[in-house]
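A.B. asks: Need a 3D model of the sequence below.
(chains A and B)
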Amino acid sequence: NAGVTQTPKFQVLKTGQSMTLQCAQDMNHNSMYWYRQDPGMGLRLIYYSASEGTTDKGEVPNGYNVSRLNKREFSLRLESAAPSQTSVYFCASSEGELAGVRNEQFFGPGTRLTVL
Amino acid sequence: DAKTTQPNSMESNEEEPVHLPCNHSTISGTDYIHWYRQLPSQGPEYVIHGLTSNVNNRMASLAIAEDRKSSTLILHRATLRDAAVYYCILRDYSGNTPLVFGKGTRLSVIA
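C.D. replies: Numbering: from 1, shown residues only, chains lettered A, B, ... in the order given. Below you'll find the predicted structure:
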């Protein structure tokens, strides 16, 4: 079991470039999430997908789009990168609605993105 | 969402117990208290959760005040591997809402 995997691990972009961050989970989880973490801060939710075929905005969705490609994969796209999007991006997954109260979220190792 | 308040940082000696406090004075009756921790350069991981009664697992214990307006995560014997940022998070009873992270408490463990 690899758990939650993210690619790439590191990326440097120039302002205005676009890119897609990939996330996959092998735990048959229904729900998936994208967070960003700026230095010295907690994680902030960008988008999430409660189940395959649905996506919802989180706290900081502006400048991002997401695609729930299938049950395993949830990608995050930056259409026109800005320096303010320099951050560490974490993908997470959880069993979802039927998991009960614990509904533990499992996190990937993160993608460190720098926008120059 | 009800908010939590945690100290920015705490320090502990290795093999000593650590008590990490969390205040949540606006907690609702259906909110559960979850704790996650984030080791350096890693994503967060689940530690423990509870509603009213104190809870124990292999990682830690959770002590919840009778009025539920505060809670304490207890690490019984801190090790260097416990150095991390610890997040106290309120989540409704359904468990089906994304986690909302504050800044957490950065725990340093001194050998």
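
A.B. asks: and residue B:15, how many residues sit next to it?
C.D. replies: Residue B:15: 11 surrounding residues under other Cβ atoms under 10 Å in any protein chain shown. For the C-beta atoms, the positions are set from N, CA and C on the backbone; glycine is no exception.

A.B. asks: What is the three-state secondary structure of it?
C.D. replies: coil (DSSP: H, G, I helix; E, B strand; the rest coil).

A.B. asks: residues in contact with it?
C.D. replies: Contacts here follow Cβ atoms under 8 Å, 6 or more residues apart in numbering or on different chains; on that basis residue B:15 touches B:77-79.

A.B. asks: Kindly report the same for residue A:2.
C.D. replies: Residue A:2 makes contact with residue A:26, according to Cβ under 8 Å, 6+ apart.

A.B. asks: Please report how far it lies from chain B.
C.D. replies: Distance, residue A:2 to chain B, using Cβ to the nearest Cβ, to the nearest Å: 14 Å.

A.B. asks: same thing with residue A:74?
C.D. replies: Per Cβ to the nearest Cβ, residue A:74 is found 13 Å from chain B.

A.B. asks: circling back: quick one: which of the contacts of residue B:15 has the most company?
C.D. replies: Most crowded among the contacts of residue B:15, counting by other Cβ under 10 Å, is residue B:78 at 20 neighbours.

A.B. asks: Assign that residue to helix, strand or coil.
C.D. replies: coil.

A.B. asks: Could you measure from it over to chain A?
C.D. replies: Residue B:78 sits 22 Å away from chain A, taking Cβ to the nearest Cβ as the criterion.

A.B. asks: Next: residue B:41.
C.D. replies: 8 Å.

A.B. asks: Which helix or which strand is home to that residue?
C.D. replies: For residue B:41, there is no helix or strand it lies in under DSSP states H and E.

A.B. asks: Could you list the residues of chain A in contact with chain B?
C.D. replies: A:4, A:31, A:33, A:35, A:40-45, A:48, A:50, A:58-59, A:90, A:92, A:96-97, A:99-110 (Cβ under 8 Å from any Cβ of the partner chain).

A.B. asks: hmm, 6 Å instead?
C.D. replies: Neighbours of chain B within chain A, by Cβ under 6 Å from any Cβ of the partner chain: A:33, A:42-43, A:45, A:48, A:90, A:97, A:100-105, A:107-108, A:110.

A.B. asks: out of the residues you listed, which is most surrounded?
C.D. replies: That'd be residue A:43 among those, by other Cβ under 10 Å, with 30 neighbours.

A.B. asks: hang on, that residue packs against residue A:36?
C.D. replies: No. Between residue A:43 and residue A:36 no contact is recorded; they are 7.1 Å apart, counting by Cβ atoms under 6 Å.

A.B. asks: which SSE is the residue most central in space within chain A in?
C.D. replies: In chain A, the centroid-proximal residue (Cα atoms, centre = their mean) is residue A:34; its distance is 2.5 Å. Following DSSP H and E, one finds residue A:34 within strand A:31-37.

A.B. asks: Now tell me what touches that strand from outside.
C.D. replies: Contact with strand A:31-37 is made by A:43-50, A:74, A:76, A:87-94, A:96, B:98, as judged by Cβ atoms under 6 Å, 6 or more residues apart in numbering or on different chains.

A.B. asks: related to what we said a few turns ago, can you tell me which of the residues of chain A next to chain B are in strands?
C.D. replies: Counting by DSSP state E, the residues of chain A next to chain B place A:33, A:43, A:45, A:48, A:90, A:107 in strands.
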